[in-house]
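[1] no sequence for this one, just the structure:
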């Protein structure tokens, strides 16, 4: 499970150091792709396959399902951290997420998300109040 918030910097070649606590789980490989809200998702190959399976089980008769499947798959790139624990983010994915030098890497349970630092700050601020008001029943915990 991926947890926490980290603030590595993107270098001139579009790479960043993967937080040390995530490296072991991703050493065998990873898949990086577009996510909603203009961020990137980094998955283990198993977690990516599970997410793809969920998408494929949805009705492909719905245009929004087909669109989500296309965006999730067409932007995906297989990779692995280098010997120093860096991940290289392809140019088309950096453009999609608007990544500049300052990035935020967050644990999102079954995957990691990579956000432009300003975009994350804006998103997190907007979500804090709604999060504080969540009712346990919304998650089936109540």
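    Done, it's in. Treat the numbers as computed from the prediction; the structure is a model and nothing was measured. Residues are numbered from 1 along each chain as shown.
[2] Go ahead and confirm residue 10 touches residue 88.
    No. Using C-beta atoms under 8 Å as the test, residue 10 is too far from residue 88 to be in contact (10.1 Å). (Each C-beta comes from the backbone N, C-alpha and C, glycine too.)
[3] which residue packs closest to residue 65, ignoring adjacent ones?
    With sequence-adjacent residues excluded and distances taken as C-beta to C-beta, 6 or more residues apart in numbering, residue 65 is closest to residue 58, at 4.6 Å.
[4] Please state the backbone phi and psi of that neighbour?
    Main-chain dihedrals, residue 58, degrees, to the nearest 10: phi -80, psi 160.
[5] Near it, how many other residues are there?
    Using other C-beta atoms under 10 Å, residue 58 has 13 neighbouring residues.
[6] Report pLDDT for it.
    Per-residue pLDDT puts residue 58 at 81.
[7] Same check on residue 139?
    For residue 139, the model assigns a pLDDT of 57.
[8] Just give me how far the helix or strand hosting residue 56 sits from the chain centre.
    Taking DSSP states H and E as the criterion, the element that holds residue 56 is helix 45-57. For helix 45-57, the distance between its averaged C-alpha position and the chain's averaged C-alpha position is 14 Å (C-alpha atoms, centre = their mean, to the nearest Å).
[9] packing partners for it?
    With contacts defined as 3 or more C-beta pairs under 8 Å, 6 or more residues apart in numbering; DSSP states H and E, the secondary structure elements packing on helix 45-57 are strand 30-35, helix 63-74.
[10] ok, residue 75 - contacts?
    For residue 75, the set of contacting residues under the criterion of C-beta atoms under 8 Å, 6 or more residues apart in numbering consists of 33, 34, 92, 93, 96.
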